[in-house]
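> model this:
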Amino acid sequence: QVQLVESGGGLVQAGDSLRLSCAASGRTVSRYTMGWFRQAPGKEREFVATISWTGGSTIYADSVKGRFTISRDNAKNTVYLQMNSLKPEDTAVYYCAARSSVVVVTTHDGYNYWGQGTQVTVSS
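Numbering: from 1, shown residues only. Got it, this is the predicted structure:
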């Protein structure tokens with residue numbers, strides 16, 4: 001089993017930056033595809049970003065491309081999401097997810113493990 005714990009969320013103003021972290025435990029996720037998803041109130045969970053097990057391949061949602069950067073440190077069993085130029089529409093609960101496959105996917109049903117989420121609120 002893999003346990004994922006997100007941290008780094010908070011309340012910021014539009015234009016600010018935040019860095020989310022996702023610490024994995026239970027087993028190494030160095031060969032797992034990792035992803036970030038988010039869910040705003042009244043909306044479905046949506047894909048944000050994903051990274052391959054090597055870190056060599058990343059995919060972003062169009063809404064965050066150029067502003068968000070996903071990265072990973074396999075030695076620390078941790079994945080990050082650097083969020084710059086935040087907008088009010090980025091307000092959501094952000095979830096870290098792990099997929100026990102090296103095949104990168106962007107759909108939430110492709111991920112086996114999920115964290116509990118961290119709230120990000122961006123005020124205008």
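
> give me the element the residue most central in space within the chain is part of.
Geometric centre of the chain, nearest residue: W36, 2.3 Å, by C-alpha atoms, centre = their mean. Under the criterion of DSSP states H and E, W36 resides in strand 33-39.

> may I have that strand exported as PDB, CA atoms only?
Backbone C-alpha positions of strand 33-39 (Å, rounded to 0.1, in the frame of the first residue of the first chain) are rendered in PDB as follows:
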ATOM      1  CA  THR A  33       3.600   7.700 -12.400                       C
ATOM      2  CA  MET A  34       2.600  10.600 -10.200                       C
ATOM      3  CA  GLY A  35      -0.100  13.100 -10.700                       C
ATOM      4  CA  TRP A  36      -1.900  16.100  -9.300                       C
ATOM      5  CA  PHE A  37      -5.600  16.700  -9.600                       C
ATOM      6  CA  ARG A  38      -7.900  19.300  -8.200                       C
ATOM      7  CA  GLN A  39     -11.500  19.700  -7.300                       C
END
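
> neighbouring strands - and their directions - for it?
strand 46-51 (antiparallel), strand 92-99 (antiparallel) (DSSP bridges).
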